[in-house]
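In: Got a predicted structure here, sequence first:
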Amino acid sequence: MESFQHPFQCVKYTKQQSSGSAGFLVASAGRRLYSYSAVNGQCLDAWPKTVESSSELASNDQVPAEKRRKISSAPDAQKEEAKEKPSTKKASGNQLPEWTNIPILLTSSDGKHVVALTADDKCIRVFSLNEDGKLDEISSRTMPKRPSALALTPDGQTILCADKFGDAYSLPLVPGEYTPRVEEAKAFKPAATNLTVHSQRNLQTLKNQITQFEKEAQKSALKASNADESVASGFEHQLILGHVSLLTDLIAVSLPTDASVNRSYILTADRDEHIRVSRGLPQSHVIEKYCLGHTSFINKLCVPSWAPQYLISGGGDDFLLLWKWNEGKALQKVPLEGVSQESEISVRGIWAVSAEQSSGSPVQAILVGLEGSSTLLCYTIEEDTLKYQDTIQLSGNILDLAGLDSRGSIVVSVDNIRESGSTEAWKSGPEVPQILLEYFQVTTDQGSLKWNSAEDPLVANINAAGTSAIATDVDNKQKKALDGVLYSGGVLRKKQFGEDQ
Amino acid sequence: MATPPSKRQKREEYRRNLQNQYDAHQTPNVEVAEIKMPQKRFFRQRAHANPFSDHHLDYPAHMDWSSHYPAFLDPDTSKTTLGGARKLLKDVEVVDIGCGFGGLLVGLAPLLPETLMVGMEIRISVLEYVTSRIHALRMQQQKLKNAAIAGTGATSQDSNNTVEQPAIEDEVGNTTAVVPGNYENISGIRANTMKFLPNFFGQHQLSKIFVCFPDPHFKARKHKARIISESLNAEYAYALRPGGLMYTITDVEEYHHWVLRHFEYQSEEEKARGGVKDLWERLTDEELAADPCVHVMSVETEESKKVSRNNGNKYVAVFRRKADPEWST
């Protein structure tokens, strides 16, 4: 094989409680979604089906489309159009779907649903995952703004979606009947009057506006009333909270209280260093706490399911913060050690794993990956502090991680295309064999953890099968676009400041 | 050929002189004949600022208020805040969001002399005006107080003379009387409250928030920049204590309805769905009439004076923050 394979952007492990199977590995690479048997790595399904993994694909289709501008005056109509497009499965053989990557992937706790975000069309797609590992798309909903984080509520019935505009919405996992609320078309009336604007220019503008709208009103009156332009976006979604900033992460947590009742919370992080602790649905408008202490953007939040009182947050700072989040109290500032300080740090992911062992209690660890780094940091939580453990060295930059808790192991997705430690330097050619996933088994020795690289048919078969190919002759612009898809944390950093005289 | 000094140069020179005046007053044993109020024309700035862009702002995780209210410093120097600053005897309780030239603060200061109040303004020049205005007012009060102590009879004549000089119209805020609180209870900070309000105030810290004549952002696609929105109202509810009041006034009728729409349910159906409007209730007209703050808000701010001059309308709405609902399970 003479071409690079698309690395796995997201990897998730899911297990269906009812069935006795070992579960599935669900992963996204390029524009496709895959499901694998967690036993032997056999590919069970891929979506969409028409995108063939042949290397014949025209290389210029592999880079993200230019950001589409809304030209139409009725964006709703456009939205409707996008929604009505069939889930591209039935599309003719050489037609490619309109997204280039799947940056967010979720699995429901019962293992029966997979939620994926296709990037370029801002579309949240829900799949059912059956006992044979087959993926069936059951809904696709195009959001008004680009989602930056998705989460499922503790009951698993509602998707929470945070977007780049700072708003968070709730959507039912499985959309039911929806009758759009019909809003009556309002007659235009300028908000300004000659009592509120005074300068000559403003008054003139106001006058022009009024005459303009009078003309249009006459026109539309002629057109009769069938032009019902007020189309709702076509599915049920409710604004639950908002920041005046870019939301970067959102998680839903259930915290046991003294009275043996669980309280649900929503935690949101933004680019302006805030972590907000709000109540869970339907009271998300009640803000309980803020966790303040970061000095740069926040990228990732992690509340371990095995210790839900703690929050670990990270982003553009060279430290992590450990919080008692329901008190808004920072417990510890954890410097990110053992990392090259050459470039600016951006945390890529924080994962909590609880790896079971043949004897003794499970190993509970926090794993932290930095953008463009092949070193995976490992911590344990002891007495309100994060304790540094041996790091894990990977063969390439970390992209995502999934804990196979019942086996005491983790599967790590690595970047097979770029040199270790770089987000933009491509290797001269694909290595043989290409390593997309790596497998590590945990051992403990007197309280300290060790993750040992191991051979496992799961990753061996997936690596051998590969994903879909990237042509070797992509030009620099296309390379840059592909880099941007996988390494987007840095753009959150504040660089330009406005209007300060 | 000497070109006339540029606007910027004039401004800089003016501000330098002003600073010198303040410094001279700080030095002991130097009698400053009179204290000049800053003139607005040297501080004017475009009336709009983009709340979404990144400004060079200071928004500490633990705010240091000690330099803002020196008269309210806790004498016990061992007490410090989480950020390591000196503690105050009390917390800031009243906020004017978008305080502009600070007219409301100056009007409220004698009304609530024991309450710490802060004005927040995103425009840097305008905030500099507020700061120097408060500085000048405090010095003037000090001078008046000193004069009163030195000799009640003779100096009262003097002080009257000094103040009744040909007042330049732009130098607003000259007072002849010693006012309660001596303007020690007001201050201004530069901030983008839409992004950083929670950096300055803790949960339920405030008793009053004022939003006076906010930028109306007439265009529909700019409505996201309005200071009143459902998302922001949740933040105001976080900072306000239950029972605390949210004051709004505007001269734009459409904006007034916008405000009402974002604090009150518009239909039974909407109410059944619930949301942030659960946390607010509107005050009745009788309650408004009984509240002196409403009067100050309606007549004292620079913007309200301008609206009066232009025979504009003023729309007032005040909302009480209700207690948080019971946790739903």
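Out: Yep, it's here.

In: what sits up against the strand or helix carrying A:Phe440?
Out: In this assignment (DSSP states H and E), A:Phe440 forms part of strand A:437-445. Applying Cβ atoms under 8 Å, 6 or more residues apart in numbering or on different chains, the external contacts of strand A:437-445 come out as A:8, A:11, A:355, A:357, A:360, A:363, A:365, A:392, A:394-395, A:407-414, A:449-456, A:458-459, A:462-463. All C-beta spots, glycine's among them, are computed from the backbone N, C-alpha and C.

In: any idea which helix or strand comes after that strand?
Out: strand A:448-453.

In: Report the angle between the helix or strand following that following strand and strand A:437-445.
Out: Of the helices and strands lying after strand A:448-453 in sequence (DSSP H and E), the nearest is helix A:457-465. Angle of helix A:457-465 versus strand A:437-445, following axes from the mean of the first three to the mean of the last three Cα atoms, to 10 degrees, is 160 degrees.

In: Which strands or helices does helix A:457-465 pack on?
Out: Counting contacts by 3 or more Cβ pairs under 8 Å, 6 or more residues apart in numbering or on different chains; DSSP states H and E, helix A:457-465 packs against strand A:32-37, strand A:437-445.

In: now that helix, how far from the centre of its chain.
Out: In terms of Cα atoms, centre = their mean, to the nearest Å, the centre of helix A:457-465 is set 25 Å apart from its chain centre.

In: Equivalent analysis for stretch A:133-152, please.
Out: Counting by Cα atoms, centre = their mean, stretch A:133-152 comes out at 10 Å from the chain centroid.

In: Quick check: buried residues in it?
Out: A:133, A:135, A:137, A:139-143, A:146-152 (16 or more other Cβ atoms under 10 Å in any protein chain shown).

In: With only the CA atoms kept, save it in CSV.
Out: Output in CSV follows, covering the C-alpha atoms of stretch A:133-152 (Å, rounded to 0.1, in the frame of the first residue of the first chain):
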residue,chain,number,x,y,z
GLY,A,133,-22.6,-4.4,15.4
LYS,A,134,-24.6,-3.0,12.5
LEU,A,135,-25.0,0.8,12.4
ASP,A,136,-28.3,2.1,11.3
GLU,A,137,-28.8,5.8,10.9
ILE,A,138,-32.1,6.7,12.6
SER,A,139,-32.0,10.5,12.5
SER,A,140,-29.9,13.4,11.2
ARG,A,141,-30.4,16.9,12.6
THR,A,142,-28.6,19.9,11.2
MET,A,143,-27.7,22.4,13.9
PRO,A,144,-27.8,26.2,13.3
LYS,A,145,-24.2,26.7,14.5
ARG,A,146,-21.3,24.4,14.5
PRO,A,147,-21.4,22.1,17.6
SER,A,148,-18.2,21.9,19.6
ALA,A,149,-19.3,19.3,22.2
LEU,A,150,-22.0,16.7,22.6
ALA,A,151,-23.0,14.8,25.7
LEU,A,152,-25.8,12.6,26.8
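
In: Leaving out sequence neighbours, find the closest residue to the residue in the stretch 151-300 of chain A that chain B sits nearest to.
Out: When scored by Cβ to the nearest Cβ, the stretch 151-300 of chain A has A:Gly242 as its residue closest to chain B, at 2.9 Å. Leaving aside its chain neighbours, A:Gly242 sits nearest to B:Ser231 (2.9 Å; criterion: Cβ to Cβ, 6 or more residues apart in numbering or on different chains).

In: swap in A:His198?
Out: B:Asn310 (6.1 Å).

In: what's the neighbour count on the one you found?
Out: B:Asn310: 13 surrounding residues under other Cβ atoms under 10 Å in any protein chain shown.

In: Do I have it right that it meets A:Val197?
Out: No. In this structure, B:Asn310 is not within contact of A:Val197 by Cβ atoms under 8 Å, at 9.8 Å.

In: Are we agreed that B:Val259 is in a helix?
Out: Yes. Counting by DSSP: H, G, I helix; E, B strand; the rest coil, B:Val259 falls inside a helix.

In: Against B:Met37, how distant is the residue lying closest to A:Glu419 once chain neighbours are set aside?
Out: Excluding its sequence neighbours, the residue lying closest to A:Glu419 (Cβ to Cβ, 6+ apart) is A:Ala425, at 4.5 Å. Using Cβ to Cβ, to the nearest Å, A:Ala425 is found at 62 Å from B:Met37.

In: So between the two, which is more surrounded?
Out: Set A:Ala425 next to B:Met37 and count neighbours by other Cβ under 10 Å: B:Met37 wins out with 19 against 14.

In: Point me to the helix or strand that includes B:Ser298.
Out: Going by DSSP H and E, B:Ser298 is part of helix B:292-299.

In: helix or strand right after the least confident helix or strand in chain B by mean pLDDT?
Out: Every helix and strand of chain B was ranked by mean pLDDT, DSSP states H and E. The lowest is helix B:152-163, at a mean of 43. Under the assignment DSSP H and E, the closest C-terminal helix or strand after helix B:152-163 is strand B:186-190.

In: Report all helices and strands that that next one contacts.
Out: Packing contacts for strand B:186-190, counted by 3+ Cβ pairs under 8 Å, 6+ apart, involve helix B:103-108, strand B:116-121, helix B:124-150.
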